[in-house]
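> Build me a structure from this.
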Amino acid sequence: MAIKIITPPSVEPITLEEAKQHLRVDGNDDDILIMSLIKQAREWCEDYQNRKYITQTLELVLDTFPNGNAIVFDSCSPIQKVESIKYYDENRQEYLFDESNYIADLDGFVNRAVLDRGKQWPKIELQSVNAVRVRVVAGYGDDGDKVPEAIKWAIILQMKLLYDDYRPEEKTKLEEARNALLSMNRVIPI
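Just a heads-up that it's a prediction; the model follows:
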């Protein structure tokens, strides 16, 4: 499965002012660098947790429909909504899988699109790769206020690791603290 970012987050969970406070930076000389570090830290934490923090539109690309009754969003929960499920036949003709065929489970720890009772995935010959495309809106919300505090602190720790130079034992402690905060709600795909 591949995940394409269609619309990236419009803001970061940590503001420039918050970042500068935690890094103990006065002045504006490093603002561009710090904004980049915030984004890098968020992306690192998202990848570690297999979650998305700020509202963004994603497209999951699968070669086939799953063998089971659900498409599991184990690399991008929380999902706010499933916009569409499209699939392509062997002639590359596009079809829309009607939303009446599935229920979007947005309440679980890992979200999913589950076939409704009596429904099945299409039984046509699909194109050989990238045959199923699921467009979703993911993230906790449109701003950093909805992102859990533990995640914000992990982002801050990762940002500090990128910005400052630490002795090996200090660096290890910061990494362990960051990982402990992120492990609380980490999704480990199986």
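
> How about the residue nearest the centre of the chain: what's its closest non-neighbour residue?
A centroid search over the chain (C-alpha atoms, centre = their mean) returns residue 52, at 2.7 Å, as the residue closest to the centre. In this structure, residue 52 finds its nearest non-sequential neighbour in residue 138, 4.0 Å apart by C-beta to C-beta, 6 or more residues apart in numbering. Glycine gets a C-beta too; all of them are placed from N, C-alpha and C.

> neighbours around that neighbour, how many?
26 (other C-beta atoms under 10 Å).

> any idea how far residue 169 is from it?
For residue 138, the distance to residue 169 equals 37 Å [C-beta to C-beta, to the nearest Å].

> Quick one: low-confidence residue ranges for this structure.
For the chain, the stretches with pLDDT under 70 are 190.

> any idea where the strands of the protein begin and end?
With DSSP state E, the ranges of strands along the chain come out as 2-7, 56-62, 70-72, 79-88, 94-96, 102-105, 112-115, 132-138.

> for those strands, which one sits closest to residue 38?
strand 56-62 (15.3 Å; C-beta to C-beta).

> thinking again about what came up before, which residues touch the residue nearest to residue 52?
52, 55, 56, 57, 58, 73, 76, 77, 78, 79, 80 (C-beta atoms under 8 Å, 6 or more residues apart in numbering).

> quick one: the third one and residue 140 touch, right?
Spelled out, that is residue 56. No - using C-beta atoms under 8 Å, residue 56 is not in contact with residue 140; the gap is 10.7 Å.

> Name the residues of stretch 71-90 that are buried.
71-80, 82-83, 85, 87-88 (16 or more other C-beta atoms under 10 Å).

> Farthest-apart pair in the residues you listed, please.
78 and 88, at 27.7 Å, using C-beta to C-beta across these.

> and the gap between the residue nearest to the centre of the chain and residue 60?
12 Å.

> Kindly report the same for residue 105.
Separation of residue 105 from residue 60 (C-beta to C-beta) stands at 15 Å.

> neighbour-wise, which of the two wins?
Here residue 105 and residue 60 are compared on neighbour count by other C-beta under 10 Å; more neighbours surround residue 60, at 22 against 16.

> and stretch 174-190, which residues are buried?
For stretch 174-190, by 16+ other C-beta under 10 Å, it's 178, 181, 182, 187.

> got the contact list for that stretch?
Contacts to stretch 174-190, defined as C-beta under 8 Å, 6+ apart, come from residues 45, 48-51, 74-75, 77, 109-110, 148, 150-151, 153-154, 157-158, 160-161, 166.

> How far off centre is it?
14 Å (C-alpha atoms, centre = their mean, to the nearest Å).

> Stretch 131-138 too?
For stretch 131-138, the distance to the chain centre is 13 Å (C-alpha atoms, centre = their mean).

> Just the CA atoms of it, as PDB, please.
This file holds the C-alpha atoms of stretch 131-138, laid out as PDB (Å, rounded to 0.1, in the frame of the first residue of the first chain):
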ATOM      1  CA  ALA A 131      -6.100  -0.800  -9.000                       C
ATOM      2  CA  VAL A 132      -7.800   0.600  -5.800                       C
ATOM      3  CA  ARG A 133      -7.600   4.200  -4.700                       C
ATOM      4  CA  VAL A 134      -9.200   5.300  -1.400                       C
ATOM      5  CA  ARG A 135      -9.400   9.000  -0.800                       C
ATOM      6  CA  VAL A 136      -9.700  10.000   2.900                       C
ATOM      7  CA  VAL A 137      -9.500  13.100   5.100                       C
ATOM      8  CA  ALA A 138      -7.200  12.300   8.000                       C
END
